[in-house]
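1. Mind looking at a prediction? Sequence and model below.
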2 protein chains.
Amino acid sequence: MPTNQSWYLRKRPVGEVAEGDLELVSEEMSALGDGLVRVRTIYLSLDPTNRIWMSDMDAYLPPVELNTPMRGGSIGVVEESNFPDVPVGSIVNTGLATWALYNDLPGAAVNVLPVIPGVPLTAYMGPLGATGMTAYFGLMDIGQPKAGDTLVVSAAAGAVGSMVGQIGKIQGCRVVGIAGSDEKCRWLTEEAGFDAAINYKTENVGEALDRHCPDGIDVNFENVGGEIMEAVIARLNDFSRMPLCGLISTYNLDPSETTGPKNFDNLLMRRTKVQGFIIIDYLDRFMEGAAAMGGWLMEGKLKFETDIVVGLENAPSALGRLFTGANLGKLVVQVSEPPA
Amino acid sequence: MPTNQSWYLRKRPVGEVAEGDLELVSEEMSALGDGLVRVRTIYLSLDPTNRIWMSDMDAYLPPVELNTPMRGGSIGVVEESNFPDVPVGSIVNTGLATWALYNDLPGAAVNVLPVIPGVPLTAYMGPLGATGMTAYFGLMDIGQPKAGDTLVVSAAAGAVGSMVGQIGKIQGCRVVGIAGSDEKCRWLTEEAGFDAAINYKTENVGEALDRHCPDGIDVNFENVGGEIMEAVIARLNDFSRMPLCGLISTYNLDPSETTGPKNFDNLLMRRTKVQGFIIIDYLDRFMEGAAAMGGWLMEGKLKFETDIVVGLENAPSALGRLFTGANLGKLVVQVSEPPA
């Protein structure tokens, strides 16, 4: 039996994840159970929501229990199978598994990935993965972009935001992204086709929005919260839409430290629709999202980047890259060698 | 020509409306223009939104200009007519007119009220007026109540809230109201048929909600904002709806003093839909609302109260009753004698 390596959650982090909150444990694996497949992780997905799962809060999923493996999504290769429909060698998306080298999972619960020439495996962590589906359904279903609308997206160079903006361009919107470095802003306008990008670390976001959104804002795809969200809310148009996807600026805060948008009343004056959503609510519509995103990807309309950190041992520290704004595109940990 | 009396806005109030912010002006009227009708006000509607109109803020309508008559809705009788379809003696709803004894208005813009036996004129300020339509469309269109849902409404003994709760009961909801006195709470449960009522001035709202909403909250009809809203948001169920109708607790505040709900993140976790709305957006559907509300009123399913303050000179001070919680039901100023 192989030896597994798993990150166990030992303490609930206070603020940023710190040394000792998680522990990497080596364990001898037992025999694979009936109906299960043993998946060796290739790419482990790191997402802002991982930080929510570590907290003891009333979120959309129960918190990860202390002294159990950390929850996470991944892509891997089946090394042993007790489920005939998912043979050894299959490349699968695990859905919700754990931060581990191996996961034993029900064969019926994993999703075998098609091998499409020209589509790299990392696309299944990005445009064709949970973050791509988040962008697609949040924008199309809730944001309801129309040609000529002005769309603002925060965390725009992230895995979700970068897709949101590009889908918005496909829909005929004027797209303005907010991101945390000049390099990211350049990528957004020069590679991803955004109309404008604002570096919130060096620019006054409100003034920059006034400049780049002369007709106000029709759709705010919200990933961040805090003062950036307030600056956007202040410039919403009547009957605007605000898919509420994430509030990453708050995830490291103690609940006693969080504040709502001071200009909450503008949501009333502008008759804005704010709709919180979590991608797992759209599981039964993933085929629709995959078809649309796959088509645009093939047509070359979706640029994406993957920020690859090598080595499972680096997962907890890599997570911090999402909160400091260090990463561009989808953040993954390469846990083992991808197939050639 | 008659002498008119009009309240002019002289200063933008700071906090509560104070002596000197408005001035009652007597003016000789000129001859009635072509196509106009001269309406003697019977009942002037006082509403929380009047306070918004006095502020120099970017609201859903432009602010009332300084040194012009204060804006308001009313019901009155036509005393002179240059518009044949609206003859002298007609009882009309003025739509948006002014705080005055007389308003000269385009005959095509006023709404002649049907005289229905058993329906008092005050019903057109309440269940069949703008507040009733606000309750109907906000709850039915945005709140989408289902039988078995738990509905919470704040400012529950007010003109809008009292209708919301009763419509909720008609839809089969469990209805919990939040109001500011024991007398109001008694009226809500004993007269209006609410399942429970919470006196926010004497009870811990969160604890009371826990007691009265054992299955959580599916619809929050929001009229108030502030800490009461936070207590409700904390108890929302997944996929809850929150018609955002008013934030009366903030209207007397300077914008620098307002805060958003601290637990804004729960709107994400619960996938709540928050939708701001203003009743003027539903003007083209008023027939639908009037038909439904009229039917329920005839069936005796809608109890309503009218809080009548006599005398136009008392309008500014009467407005304060909405903010201190002094009034039960629809607040109106009786400006002149209603017909027998």
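-> The structure has been received and is ready for your questions. Residues are numbered from 1 along each chain as shown, chains lettered A, B, ... in the order given.

2. Distance of residue A:157 relative to chain B?
-> Distance, residue A:157 to chain B, using C-beta to the nearest C-beta, to the nearest Å: 21 Å. Where you see a C-beta, it was placed from the backbone N, CA and C, and this is true even at glycine.

3. Surely that residue is in contact with residue A:178?
-> No. Applying C-beta atoms under 8 Å, one finds residue A:157 not in contact with residue A:178, separated by 9.2 Å.

4. Looking at those two, which one has more neighbours?
-> residue A:178 (30 against 27; other C-beta atoms under 10 Å in any protein chain shown).

5. confidence score at the more buried one?
-> The model reports residue A:178 with a pLDDT of 98.

6. Any residues of chain A in contact with chain B? List them.
-> A:57-60, A:225, A:238, A:244-247, A:250, A:255, A:258-278, A:281 (C-beta under 8 Å from any C-beta of the partner chain).

7. In helices only, show me these.
-> A:265, A:266, A:267, A:268, A:269 (DSSP state H).

8. Now for the residue in chain A that chain B sits nearest to, how many residues are close by?
-> Distances between chain A and chain B by C-beta to the nearest C-beta are smallest at residue A:260, namely 2.5 Å. By the criterion of other C-beta under 10 Å, residue A:260 has 22 neighbours.

9. Can you tell me, leaving aside adjacent residues, what's nearest to it?
-> residue B:260 (2.5 Å; C-beta to C-beta, 6 or more residues apart in numbering or on different chains).

10. how about the nearest residue to the spatially most central residue of chain A, chain neighbours excluded?
-> Residue closest to the average C-alpha location in chain A (C-alpha atoms, centre = their mean): residue A:131, at 4.2 Å. Spatial nearest neighbour of residue A:131, chain neighbours left out: residue A:159 (3.8 Å); criterion: C-beta to C-beta, 6+ apart.

11. Tell me where the model's unsure across the stretch 101-250 of chain A.
-> For the stretch 101-250 of chain A, no stretch has pLDDT under 70.

12. List phi and psi for residue A:28.
-> Main-chain torsions, residue A:28, degrees, to the nearest 10: phi -70, psi 130.

13. List the contacts of it.
-> A:1, A:3, A:4 (C-beta atoms under 8 Å, 6 or more residues apart in numbering or on different chains).

14. Show me the strands in the stretch 151-300 of chain A, by range?
-> Here the stretch 151-300 of chain A has its strands, by DSSP state E, counting those that start in this stretch, at A:174-179, A:196-199, A:217-221, A:236-244, A:273-276.

15. ok, which stretches of chain A are helices?
-> A:49-54, A:130-137, A:159-170, A:182-186, A:205-212, A:226-233, A:265-269, A:286-298, A:315-324.

16. tally of neighbours for residue A:52?
-> 22.

17. can you pull the pLDDT of it?
-> In this model, residue A:52 carries a pLDDT of 94.

18. what about the closest residue to it other than its chain neighbours, distance to residue A:8?
-> Setting aside the residues directly before and after it, residue A:52 is nearest to residue A:59 in space (C-beta to C-beta, 6+ apart), at 5.0 Å. Applying C-beta to C-beta, to the nearest Å, the value for residue A:59 to residue A:8 is 20 Å.

19. and what of residue A:105?
-> If you go by C-beta to C-beta, the gap between residue A:105 and residue A:8 works out to 18 Å.

20. Who has more neighbours out of these two?
-> residue A:105 (23 against 18).

21. Contact partners for the more buried one?
-> A:36, A:37, A:39, A:94, A:95, A:97.

22. from these, which ones fall inside strands?
-> A:36, A:37, A:39, A:94, A:95, A:97 (DSSP state E).

23. which residue sits closest to the third one in space, ignoring its chain neighbours?
-> Spatial nearest neighbour of residue A:39, chain neighbours left out: residue A:76 (4.0 Å); criterion: C-beta to C-beta, 6+ apart.

24. That neighbour and residue A:92 touch, don't they?
-> Yes. Contact criterion C-beta under 8 Å: residue A:76 and residue A:92 qualify, at 6.2 Å.

25. who touches both of those two?
-> Residues touching both residue A:76 and residue A:92 (C-beta under 8 Å, 6+ apart): residue A:39.

26. Please say which of the two ends up with more neighbours.
-> Neighbours were tallied for residue A:76 and for residue A:92 using other C-beta under 10 Å; the higher tally belongs to residue A:76 (28 against 24).

27. Tell me what that one is bridged to.
-> residue A:41, residue A:92 (DSSP bridges).

28. can you tell me the distance between the two ends of stretch A:261-271?
-> The stretch stretch A:261-271 measures 16 Å between its terminal residues, going by C-alpha to C-alpha, to the nearest Å.

29. With stretch A:303-321 instead?
-> Terminal residues of stretch A:303-321 are spaced 21 Å apart (C-alpha to C-alpha).

30. which of the residues in that stretch are buried?
-> Neighbour-count burial for stretch A:303-321, with 16 or more other C-beta atoms under 10 Å in any protein chain shown as criterion, is recorded at A:303-309, A:312, A:315-316, A:318-320.

31. Could you pull up phi and psi at residue A:215?
-> phi -100, psi 20.

32. bridging residues for the nearest residue to it once chain neighbours are set aside?
-> Closest residue to residue A:215 apart from its sequence neighbours, by C-beta to C-beta, 6+ apart: residue A:150 at 5.8 Å. Counting by DSSP bridges, residue A:150 is bridged to residue A:174.

33. how many other residues sit next to residue A:150?
-> Neighbourhood size, residue A:150 [other C-beta under 10 Å]: 25.

34. What of residue A:148?
-> By other C-beta under 10 Å, the residues close to residue A:148 number 11.

35. Equivalent analysis for residue A:58, please.
-> Residue A:58, neighbours per other C-beta under 10 Å, totals 12.

36. List the contacts of the residue nearest to it when sequence neighbours are not counted.
-> Spatial nearest neighbour of residue A:58, excluding adjacent residues (C-beta to C-beta, 6+ apart): residue B:269 at 6.8 Å. By C-beta under 8 Å, 6+ apart, the residues touching residue B:269 are A:57, A:58, A:59, A:60, A:276, A:278.

37. about what we covered before: redo the ones in strands among the contacts of residue A:105 as TSV? Include pLDDT, neighbour count and distance to residue A:328.
-> Output for the ones in strands among the contacts of residue A:105, formatted as TSV (pLDDT from 0 to 100; neighbours: other C-beta atoms under 10 Å in any protein chain shown; distance: C-beta to C-beta, whole Å):
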residue	pLDDT	neighbour count	distance to residue A:328
A:36	98	21	36
A:37	98	28	33
A:39	98	29	28
A:94	95	21	25
A:95	90	16	26
A:97	97	25	25
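
38. biggest separation within those, which pair?
-> A:36 and A:95 (13.8 Å; C-beta to C-beta).

39. thinking the residue of chain A closest to chain B is in contact with residue B:268, fair?
-> No. Residue A:260 is beyond contact range of residue B:268, at 11.7 Å (criterion: C-beta under 8 Å).

40. Quick check: bridge partners of residue A:106?
-> Bridge pairing for residue A:106 - DSSP bridges - gives residue A:36.

41. For it, the count of nearby residues, please.
-> By the criterion of other C-beta under 10 Å, residue A:106 has 15 neighbours.

42. That one and residue A:94, how far apart?
-> In terms of C-beta to C-beta, residue A:106 sits 11 Å off from residue A:94.

43. What of residue A:231?
-> Taking C-beta to C-beta, one finds residue A:231 at 38 Å from residue A:94.

44. Now, of the residues of chain A next to chain B, which are buried?
-> Buried among the residues of chain A next to chain B by 16+ other C-beta under 10 Å: A:59-60, A:225, A:244-247, A:250, A:258-278.
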